[in-house]
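[1] take a look and give me a structure for this.
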Amino acid sequence: MSNKAQCVYQCVDQDREGMRKRPRVWKVTRDVLDALLTVCCIAPLVVSYWRGTFQLLDLYILPQDPPSVISSVPSIALSAAIALVGGLFFIYVQDVAKAWVHSVRSPISELMLKRIYCYVFGLVIVNHWRGTFLCGSILEMKGSSPIDVAL
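    Predicted coordinates for the structure are as follows:
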């Protein structure tokens, strides 16, 4: 048996029933590729989505230039209301929407409806965090330390 074949043979895991599994080399390679995909592709896309949506909300939901405590309160209230109403809406409508989307005959229409659902739900989530972030900003504008704001 060659040295390479012996290494592969020794690196093979066995499960409880004694069945052979894939070599550990494959598992390590898969984990490294998964980490690279996550770090290089998925994370920047998520950050871009959050940042772009956050900036669009800053632009369209009661814009403030320069930001002040008084002008931030209505924006926080509106973001919190969108987050609360949207969250409750998606909780109660999810099963009905799922059944309706799956009943659509066209796979392209089904895909589009799912994407629209995900984007609107993402908008609700970003609004929730935007309201939270603006509350922290108000506390910081009033002179609180960053540690007090975080707590």
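
[2] quick one: the most centrally placed residue in the chain from Val126, how far?
    Residue closest to the average C-alpha location in the chain (Cα atoms, centre = their mean): Val46, at 6.4 Å. According to Cβ to Cβ, to the nearest Å, Val46 and Val126 sit 11 Å apart. All C-beta atoms are positioned from the backbone trio N, CA, C, and that covers glycine.

[3] go on, Tyr49?
    Tyr49 is 8 Å from Val126, by Cβ to Cβ.

[4] looking at these two, which has the bigger crowd around it?
    Legend: neighbour count by other Cβ atoms under 10 Å for Tyr49 and Val126, higher for Val126 (22 against 13).

[5] surely that one and Leu57 touch.
    Yes. The criterion here is Cβ atoms under 8 Å, and Val126 meets it with Leu57 at 6.8 Å.

[6] quick one: Ala80 and Val93, what's the gap?
    From Ala80 over to Val93 (counting by Cβ to Cβ), the distance is 20 Å.

[7] looking at those two, which one has more neighbours?
    When neighbours are counted by other Cβ under 10 Å, Ala80 and Val93 differ, and Ala80 comes out ahead with 17 against 12.
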